[in-house]
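> show me how the following folds:
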Amino acid sequence: MVRAMIFHLAMAAAASAAHESENEDIILQPVLQNDSLPERLLIFVPGAGVPTGNYVATAQAIQQASTELRLTVVIPSVFQKICIIQCLSSSTCGLLKHRVEAAAKKANFKGTNPKEDTFMAGHSMGSVCANNLVKGYAYEYAGLMEFGGYVDKKGESSVASYPIPVLLLNGELDGGGARPGKMSLFYKQFKEYADAHGEEQALTLKPVHVLPGVDHSDFCPGFFVTAIKDLKSEVSQEEALQAIASGAGAFLHLNSPVSQSAKAEAMQTMKSLLGFTAEMCEPYLRAFEMEASGSLCEDAQRVVAGLSAEDAVRLKVSVNPVPFSDFKDGRTGYGPGSGDDLEVQIVSAFEEASGFGPADNHGASKSVDCKMLDATRIAEQMHVHTETGRECGELTKQAVAVAEQLLPQRSMERYRAKGRSVCTVADKGFATTGAIETTETEACLEVAALALVNDVNSSNSPGVHYCKLLSPSLALEWMMTDGIKPFPYDLTGSTEDALEHVIV
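This is a model prediction of the structure:
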């Protein structure tokens, strides 16, 4: 009861700060005053449009969780509450660096070596700016914490290669780019590092975690983020802050000179968080492996062949998986097999996710592409009747079925209770567009596959059937995140309404 009262008082103080100060520097002095404890500074860059006051409760929770540090937290105000204006890239961060240093100076922090005593952090857009700032100034910090955000997907500033300790901490119900599907890309890098260097070193230097029931807005209590169509948290604000602080505090302890008992406890926290993260991210990794293997195209070939059950056993399919950039030059082939069998060679590829800034929402493959033999060619070579006109869209059901098998149980229960289904509409001709067409409706996500069917009499690539299909990883994205959002989405909710909801 006392703990709950303290929490509500802290939330009320944060609410007051948010109302009284839309954009002022906030300095939080250490809650621990033991001179024997090491001093550390945490600079917390706010997200776009979020008042600095809405990060007070989060910062205080992190201070409370850092039980063997005298932790000072500085939440700097930024121009128009949009840090990216002052730090668009790692080479243009001078204004933000000056702003951060001016705010930190107010704290009277006595540190002398940022490489040892200063950690950077950011939430949402603030995580982009924090990453840019750290990169732009030669990684001269003790570590970086990305809340509701992430670092580069490739290169020196990816999780795999980041020169200093980096933590990615995000919510299961993040509705934007820090959703579990995107985190699976960084979780894979974490796993690869762990395979090479050991799990404990990976959890110390490159932890990637998804927090159960937490949404993007839980990192800034009282400010509901509608701009990215955030989902609604399924845990109390107190539980969310405890989870965030637990992960952040463990990271700080593991990368600071604290006692061995504190480090052991921090490592146990990291290991406990890893279990849920794996539950959320492993399904995506299995989907990616399936998409890369070409097995989906093998199944697609059997469908579009239009053979009877008796004749289908004579069709032997081999798949040549190629990079998407090489797919257009791939060639199908066929020839007699043993006995009356027909051996066919088909080509598969998957189109990786793309996007920049707000469009970079997920890590799912945009499509699975299959270049196969058409039903008339198979009929010609096998001397049997085939059913022509089988649509690529029939394979959408297969992608959905695969996703349902991979989906974590808690996500499946949520999807069945709140989600909209995936439904198919007629194939689109390949000349119509270069991407599968998806249309969100109140009832479902309508998916139109792309098809190009040339029978044996065609003057161009005769006997080839080309399909661009919904990927299982994209179906997972719908079931885990986008399909459980309300439709239409209400972007009019006010910060005050959200704040009142949190405090009450």
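> list the contacts of stretch 337-345.
Defining contact as C-beta atoms under 8 Å, 6 or more residues apart in numbering, one finds that stretch 337-345 is touched by 301, 314-320, 332-336, 372-373, 378, 381-382. In this view, the C-beta of every residue, glycine as well, is placed from N, C-alpha and C.
> quote the end-to-end distance of stretch 403-412.
Taking C-alpha to C-alpha, to the nearest Å, stretch 403-412 runs 10 Å from one end to the other.
> in that stretch, what counts as buried?
Buried residues in stretch 403-412, defined by neighbour count with 16 or more other C-beta atoms under 10 Å: Ala403, Glu404, Leu406, Leu407, Pro408, Ser411, Met412.
> just stretch 144-154 next, same as before
Applying 16+ other C-beta under 10 Å to stretch 144-154 flags Leu144, Met145, Glu146, Phe147, Gly148, Gly149, Tyr150, Val151, Asp152, Lys153 as buried.
> so how far is it off the chain centroid?
10 Å (C-alpha atoms, centre = their mean, to the nearest Å).
> try stretch 392-412
19 Å.
> ok, now stretch 206-220?
11 Å.
> next one: stretch 328-347
38 Å.
> and what of stretch 126-135?
With C-alpha atoms, centre = their mean, you get 18 Å for stretch 126-135.
> contact partners of that stretch?
With C-beta under 8 Å, 6+ apart, stretch 126-135 has contacts from 43-48, 50, 78, 83-84, 86-90, 93, 96-97, 100, 120-122, 141, 144-152, 157, 164, 178.
> restrict it to CA atoms and write it as PDB.
Output of stretch 126-135 as PDB, limited to C-alpha atoms (Å, rounded to 0.1, in the frame of the first residue of the first chain):
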ATOM      1  CA  GLY A 126      15.100  10.900 -28.900                       C
ATOM      2  CA  SER A 127      16.700   7.500 -29.400                       C
ATOM      3  CA  VAL A 128      17.500   8.400 -32.900                       C
ATOM      4  CA  CYS A 129      19.100  11.600 -31.700                       C
ATOM      5  CA  ALA A 130      21.000   9.900 -28.900                       C
ATOM      6  CA  ASN A 131      22.400   7.400 -31.400                       C
ATOM      7  CA  ASN A 132      23.400  10.200 -33.800                       C
ATOM      8  CA  LEU A 133      25.000  12.100 -31.000                       C
ATOM      9  CA  VAL A 134      27.000   9.200 -29.700                       C
ATOM     10  CA  LYS A 135      28.200   8.300 -33.200                       C
END
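> mind starting the numbering at 460 from now?
I'll keep to 460 as the first residue from here, and by that count the last item is stretch 585-594.
> which strand of the protein spans the most residues?
Using DSSP state E to define each element, the chain has its longest strand at strand 801-810.
> buried stuff in that one?
Buried-residue list, strand 801-810, by 16+ other C-beta under 10 Å: Leu801, Glu802, Val803, Gln804, Ile805, Val806, Ser807, Ala808, Phe809, Glu810.
> how close does the fifth one sit to Leu928?
Between Ile805 and Leu928 the distance, using C-beta to C-beta, to the nearest Å, works out to 13 Å.
> wouldn't Pro680 be in contact with Gln519 here?
No - between Pro680 and Gln519 there is no contact, the gap being 10.5 Å when judged by C-beta atoms under 8 Å.
> mind listing what the closest residue in space to Leu487 that isn't next to it in sequence touches?
Ranked by C-beta to C-beta, 6 or more residues apart in numbering and with sequence neighbours excluded, the top spatial neighbour of Leu487 is Val532, at 4.2 Å. When contacts are counted by C-beta under 8 Å, 6+ apart, Val532 touches Ile485, Ile486, Leu487, Leu500, Leu501, Ile502, Phe503, Ala518, Gln519, Ile521, Gln522.
> Val532 falls within a helix, correct?
No - counting by DSSP: H, G, I helix; E, B strand; the rest coil, Val532 is not found in a helix; it is strand.
> how much space between it and Glu901?
44 Å.
> so for the longest strand of the chain, mean pLDDT?
Per-residue pLDDT over strand 801-810 has a mean of 96.
> with stretch 748-755 instead?
Stretch 748-755 comes out at a mean pLDDT of 95.
> okay, that stretch in CSV with CA atoms only?
What follows is stretch 748-755, C-alpha atoms only, in CSV (Å, rounded to 0.1, in the frame of the first residue of the first chain):
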residue,chain,number,x,y,z
GLU,A,748,14.4,-18.7,-42.4
MET,A,749,11.4,-20.2,-44.2
GLU,A,750,11.2,-17.3,-46.6
ALA,A,751,14.9,-17.6,-47.4
SER,A,752,14.8,-21.3,-47.9
GLY,A,753,12.3,-21.3,-50.8
SER,A,754,10.0,-23.8,-49.3
LEU,A,755,7.0,-21.5,-49.7
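> what's in contact with that stretch?
778-780, 805, 807, 809, 824, 827, 829, 854, 857-858, 861, 928, 930-932.
> show me the contacts of Val532 that map onto helices.
Judged by DSSP state H, the contacts of Val532 include Ala518, Gln519, Ile521, Gln522 as members of helices.
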